[in-house]
Every structure is written in C-alpha cells, then in structure tokens.
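Student: Give me the fold of what follows.
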Amino acid sequence: MSRSAEHHELCFGCGTANVFGLHIEDGRFFVKQDHQGPDGALHPGVLAAALIEVLGPTAHVELDLRASAPVGTFVELARDGATVTARGQDGRVLAVARV
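Tutor: Reported below is the predicted structural model:
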C-alpha cells in the first residue's frame, strides 16, 4: 500500500493501536462487528474509508459501491495507478474508487 502522508498508530486505516480501526496490512483488512452497517454487513462508509486510505489524501474521489462483505471475512484492496479496487474473499468486486 502506497501512502503519501505519515501515519501513526491511532490512524483509523492502518494504525495498530486503534481498537476500532481497520488495521489495513498487506493490502487487506478483516471486517469486524464494529464495522457493520444497518444490514449487518460492512458499512459502505467504512469501505469508502479503506479505499481512501489506500489512495492517500485527495480532494476528489469517485466511488462506485457494488456490494458488501459479511462480518468475519477479509477485504482485499488493490491499487492500480489512480484506481483502488476492493474485493471480498470470494473475489467479488465490492467497490472501486478513482481519483
């Protein structure tokens, strides 16, 4: 994961000391019960935060939310230039973000 800003241990995206954070490591994070939305699956705002974490600070992000991930599964984040794709454990595309 490429980052343009200095991060710290309480960072919501990658900080290991933030108990409610995503703990993104090696381009993936585990969907905890604290990350769920009203339908009991991954909250779309949390998914957006993960995508933005990988993109780095930006003034504009185009976000295409397609699906959610169940609690207790991993989400894979892959960056290709100005695009980040989130996939569920089953390989399904959950969301795409572009700057």
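
Student: Surely A97 is in contact with V84?
Tutor: Yes: contact criterion Cβ atoms under 8 Å: A97 and V84 qualify, at 4.9 Å. Bear in mind the C-beta positions are built from the backbone N, C-alpha and C, glycine included.

Student: tell me, what's touching these two both at once?
Tutor: 51, 55 (Cβ atoms under 8 Å, 6 or more residues apart in numbering).

Student: beta partners of A97?
Tutor: Under DSSP bridges, the beta-bridge partners of A97 are L63, V84.

Student: May I have the beta-bridge partners of A78?
Tutor: T85.

Student: Go ahead and confirm it touches T85.
Tutor: Yes: counting by Cβ under 8 Å, A78 does reach T85; the two are 5.2 Å apart.

Student: between those two, who's got more neighbours?
Tutor: The neighbour comparison of A78 against T85 (other Cβ atoms under 10 Å) goes to T85, with 18 against 13.

Student: Thanks a lot, catch you later.
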